[in-house]
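**Q** Attaching a predicted model along with its sequence, questions to come.
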Amino acid sequence: MPRHAETRHLPYSPEQVFDLVADVARYGEFLPWVSAVRVRSNSETEMVADLIVGFSALRETFTSKVNKVRPSELSVDYVDGPLKHLRNEWAFRPDGQGGTIVDFSVDFAFRSTLFERIAGQMFDRALRKMIGAFEERAKALYGSDGSGISSSSAHNAA
């Protein structure tokens, strides 16, 4: 069962980082391996969404429920798909200087032993690539120091 936790410091406000992570509908635009997203329901406190994730010829649909506590945390619980379970947690804490300390953890297991072995071999590299994609998306939306606001981030805040 792959598990990972880490802490990152980002030069963006907790609200900006929360908005970026909570914008699941746009994951297909920047996250590797996410080929499509369908948001089934979305409110201020909860979202249910399907993500179609692909590796080479393999495509799987994951349904997850996202619990939102603006602007401090998001938790993702697995609903349906090829996994035994998935738990993903994000916490956003102000650093006192306009930035955010992000605590991230993920814990999941595949139903298939074969997928479990493959995931174990590629997990660290894939996770680094996905975390990097979130950081690059933040730079694109908010600038390298968090002071810029693009039209995309203005849309997300609306």
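**A** The structure has been received and is ready for your questions.

**Q** Just want the most central residue of the protein.
**A** Val21 (5.2 Å; Cα atoms, centre = their mean).

**Q** Quick check, it in contact with Ala133.
**A** No: with contacts counted by Cβ atoms under 8 Å, Val21 stays clear of Ala133, the gap being 11.6 Å. The way it works is simple: take the backbone N, C-alpha and C, and place the C-beta from them, glycine included.

**Q** thinking again about what came up before, can you name the residues in contact with the helix or strand the residue nearest to the centre of the chain falls within?
**A** Here Val21 sits within helix 14-22, counting by DSSP states H and E. For helix 14-22, contacts defined as Cβ atoms under 8 Å, 6 or more residues apart in numbering pick out 10, 12, 47, 66, 68, 70-72, 74, 90, 92-94, 100, 102, 134, 137-138, 141-142, 146, 153, 156-157.

**Q** run the last query once more with 6 Å
**A** 10, 68, 70-71, 74, 90, 92, 94, 100, 138, 142, 156 (Cβ atoms under 6 Å, 6 or more residues apart in numbering).

**Q** Equivalent analysis for stretch 86-101, please.
**A** Contact with stretch 86-101 is made by 9-12, 14, 17-18, 21, 72-76, 78, 102-108, as judged by Cβ under 6 Å, 6+ apart.
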